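In: Sequence below, structure please.
(chains A, B and C)
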Amino acid sequence: MATQHSRSSARLMMAPAVVLLLGWMLVPLTMTLYFSFKKYLPLRGGDLGWVGFDNYARFLTSSAFWPSVQTTLVIVGGVLAITVVLGIFLAILLNQPMWGQGMVRILVIAPFFVMPTVSALVWKNMFMDPNYGLLAHLWKLFGATPVEWLSQASLPSIIMIVSWQWLPFATLILLTAIQSLDSEQLEAAEMDGALAHKRFAYITLPHLGRAITVVILIQTIFLLSIFAEIFVTTGGAFGTKTLSYLIFQRVLESQNVGLGSAGGVYAIILANIVAYFLVRIVGKNLDA
Amino acid sequence: MGRITLDKVSKSFGDVEVIPPLDLTIEDGEFTVFVGPSGCGKSTLLRLIAGLEDITSGQIRIDGADATNVPPAKRGLAMVFQSYALYPHMTVRKNIAFPMKMAGIDQAEQDRRIDAAAKALNLTDYLDRRPGQLSGGQRQRVAIGRAIVREPAAFLFDEPLSNLDAALRVGMRLEISELHERLKTTMIYVTHDQVEAMTMADKIVVLQAGVIEQVGSPLDLYERPCNKFVAGFIGSPKMNFIEGEEAAELGATTIGIRPEHISISTTEGQWKGTVGVAEHLGSDTFLYIHSDVSPSETMTVRVDGEFSARHGDTVYLTPRAERIHKFGADGLRIE
Amino acid sequence: MARSIAPRRKAINTLLAWSVGFLIFFPILWTILTSFKTEAAAIANPPVFIGFDWTLENYQAVMERSNYSRFLWNSIVIAGGSTVLGILIAIPAAWSMAFVPSKRTKDILLWMLSTKMLPAVGVLYPIYLLFIKFGMLDTKIGLMIVLMLINLPIIVWMLYTYFKEIPGEILEAARMDGATLREEVIYILTPMAIPGIASTLLLNVILAWNEAFWTLNLTAAKAAPLTAFIASYSSPEGLFYAKLSAASTMAIAPILILGWFSQKQLVSGLTFGAVK
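Out: Below is the predicted model:
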């Protein structure tokens, strides 16, 4: 509801943001597409001409491709599962009456503010180091042999580090949602004879639906592109090479831009598949 | 000056025509009320005049000049919104000053007008408060103050009293009427409450589904409603409608008689009925009567003062013949 | 009426919640504690928690090894600049979407968000080339622009959420009062949305501060922010826990403190209006 005049000014005012994002999306994308059809080795001869779909075929058939897709999905899925489940538990716990609730919130949210590079370094060296790490000391205390976390259990270790970073976010969003739950609903259910676990399953959990959607959406956006956590800890070794990291290695370490660009196109396709489903779910859930 | 003319003005949202082409003239200094049930297009019509919505076709003239494509700010109209739409981050003084600041009026003149408006509206003590610290009635007065200081060609009111409680509403109604008497500026007032329309208006415009049903003075509409819709909408309690034999005898499809134009007796009369509910207000008594002449609806009768009747009592009703309204099959008035 | 809670249950809740909170916070606490130890104490077996000789020598060593204040300044300029730039571009866009919505508004919002899912590595080399071409490699302004573009969808969406809470009638009143579009945004909308704009600002400063892909790959020495400062400690040779801890503490302290002060606003903003 508005006038023609305000509609045209609305388009004008939206233009900078839309044009910038469109440029940010299209310009590099076009260049990536262009490179992906070339043999392009900046340090070994530069542009060596068109190669058609060679890069795509090579990237797809390289032994590292499918494992990297799998690794990506395992990390994203693992972190989502851990943060949502623990987040619900923590949100319910923090919603109980207690002393010093504000202070506990401050403790819980802290990891969210820690730079990924810092958290990866701290976890790698001070906790997961098999000689001096705190976890090694803990294992020895119980007479067990310390685990070489980042080589023997590399994927779970990375999932754990990333979950630690994102658990606060999930917890606080879910806590906000729980606090908005009308306590009369729960009391009515209690009057109707529903036991605690039924009240959780039939009232609390459905109420959290939107919040869980938001948590999944935002976290997926950030998790698909995790970089520092792998760069700093394993450098992609021990089966922790995500698709992003594989491409990063092709482009920067082996300086094969053509091959890396073809990989980039695959990554973009994968991201679009994920985005498509997410946007459909979220679009339904958010009244934009 | 504030003579507003609508010439074949229409409005569509997409494919939906909410206001078919209509003509209307509002004379300078007139207090005009747009009244109708919710969704009748009265607020949309007001927003078209304000310039907050584009008209789909036709022309709007203000004092003879074409204003169709003039932006709202340049039309010289002031509007009071249903929610008051005060700026919450500004004090009352700044709220009232805002339109003058936008118009570039100098500070001394601004202060003079603010003081005058504040005095007239009893806001002098509240000038440094924020809207959040005021009561509903005070907020309403600030919104009016903000409109007054612009010295507009016309005031537009969009259901301004609907957020106030009943007692305040009566008080504000009187204040707005008095304001009009004092300023003699054109006012267009939108409401769904026919009592507001009857008590305040010089001219009432009754709307239904975007169409003007009737335009006239309050008593015009009361005495000579041009169709069944207006007859039923204006007047409280509602007019009784009777169909069938009784109507046919008078050469009409439907006849209407207002509750205050029926006399009641326990012994004799034209129509027999039994009392359903009796409401005793002291000053008058409202009786809701089941009668064979109007089998589908209860008839309402208003009696001055007290009339003792209880549920189940038999009564006789007699309409005053000269007060009977006759309507044809098309719902239009028959003279 | 809230029911009275048995003090025993409250005590158990408190104990449980504090334990979990402590556990989650522990890695940060341990880092801060270690930063005050000597290198020997830092790797002592068994580990010492409080009973060590407190020292500031690690902070001195970190300061000597690298120019902390320059990294810090770069972080502040890049994070702050990209956020302010993003908000200036996002306010008009969010205004349009919130107050003149069309059928496409929701699609545009979701499209904007989906640009955030584009894998950065996929476009790293093109961006790298463009940066070289325009002389923006290792400059603060270049990084500011990239981080602004990355966070723009989030900024637009957060502001949109806040703007939608403002009743449209107030803006219409301003229009009736003679305000132009520019005056409407400056005098009415922006002041009314200050709390929302503030939390958008905070969250995006934090996101930009912690961004570690572009900041690592597009800077060398001149424009490197704290993410690069700390990454220089990742090489395995010559690793010292106490110095690493001191550097880590210095890198996260500013944003940790800022975050703690603003945690309430942050959460409400991040839910995109989907959770009240």
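In: Wasn't C:Ala41 part of a helix?
Out: Yes - looking at C:Ala41 with DSSP: H, G, I helix; E, B strand; the rest coil, it is inside a helix.
In: With adjacent residues omitted, what lies nearest to it?
Out: Leaving aside its sequence neighbours, C:Ala41 sits nearest to C:Phe52 (CB to CB, 6 or more residues apart in numbering or on different chains; 4.4 Å). Where C-beta positions appear, they are placed from N, C-alpha and C, glycine not excepted.
In: what do you get for C:Phe36?
Out: Per CB to CB, 6+ apart, closest to C:Phe36 is C:Trp54, 4.8 Å.
In: Is the one you found in a helix, a strand, or coil?
Out: coil.
In: so what's the residue nearest to C:Ala41 up against?
Out: C:36-38, C:41, C:44 (CB atoms under 8 Å, 6 or more residues apart in numbering or on different chains).
In: For the residue nearest to C:Phe36, grab the count of nearby residues.
Out: A count of nearby residues for C:Trp54, using other CB atoms under 10 Å in any protein chain shown, gives 10.
In: so which helix or strand takes in the spatially closest residue to B:Gly216 that is not a sequence neighbour?
Out: Using CB to CB, 6+ apart and skipping the chain neighbours, the partner closest in space to B:Gly216 is B:Ile204 (6.5 Å). Using DSSP states H and E, B:Ile204 falls within strand B:203-208.
In: So chain B: which segments form each domain?
Out: For chain B, the structural domains run B:4-230, B:238-330, going by automatic domain parsing.
In: Buried deepest among those domains, which one?
Out: domain B:4-230 (a mean of 19; mean count of other CB atoms under 10 Å in any protein chain shown).
In: first vs last residue of that one, how far apart are they?
Out: Start-to-end span of domain B:4-230 (CA to CA, to the nearest Å) is 24 Å.
In: center of the chain - which residue?
Out: All of this is about chain A. Centroid check for chain A by CA atoms, centre = their mean gives A:Leu223 as the closest residue, at 1.4 Å.
In: wrong one, chain C
Out: C:Ile206 (1.0 Å).
In: and that residue, helix, strand or coil?
Out: Here C:Ile206 is recorded as helix under three-state DSSP.
In: Thought C:Leu258 was touching it, still the case?
Out: Yes - C:Ile206 is within contact range of C:Leu258, at 7.2 Å (criterion: CB atoms under 8 Å).
In: Give the residues shared as contacts by those two.
Out: In contact with both C:Ile206 and C:Leu258: A:Phe113, using CB under 8 Å, 6+ apart.
In: about what we covered before: want to throw the domains of chain B into a markdown table with mean pLDDT?
Out: Converted to a markdown table, the domains of chain B look like this (pLDDT from 0 to 100):
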| stretch | mean pLDDT |
| --- | --- |
| domain B:4-230 | 91 |
| domain B:238-330 | 90 |
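In: Reformat those into a markdown table and put distance to C:Ala212 next to each item.
Out: Below are these laid out as a markdown table (distance: least, CB to CB, whole Å):
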| stretch | distance to C:Ala212 |
| --- | --- |
| domain B:4-230 | 39 |
| domain B:238-330 | 72 |
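In: Those domains: which one's closest to A:Ile159?
Out: Closest approach to A:Ile159 among the domains of chain B (CB to CB): domain B:4-230, 46.8 Å.
In: list the contacts for the residue of the stretch 101-250 of chain B found nearest chain A?
Out: Nearest to chain A, among the residues of the stretch 101-250 of chain B, is B:Asp158, at 13.5 Å (CB to the nearest CB). Contacts for B:Asp158 were tallied using CB under 8 Å, 6+ apart; they are B:43, B:46-47, B:79-82, B:190.
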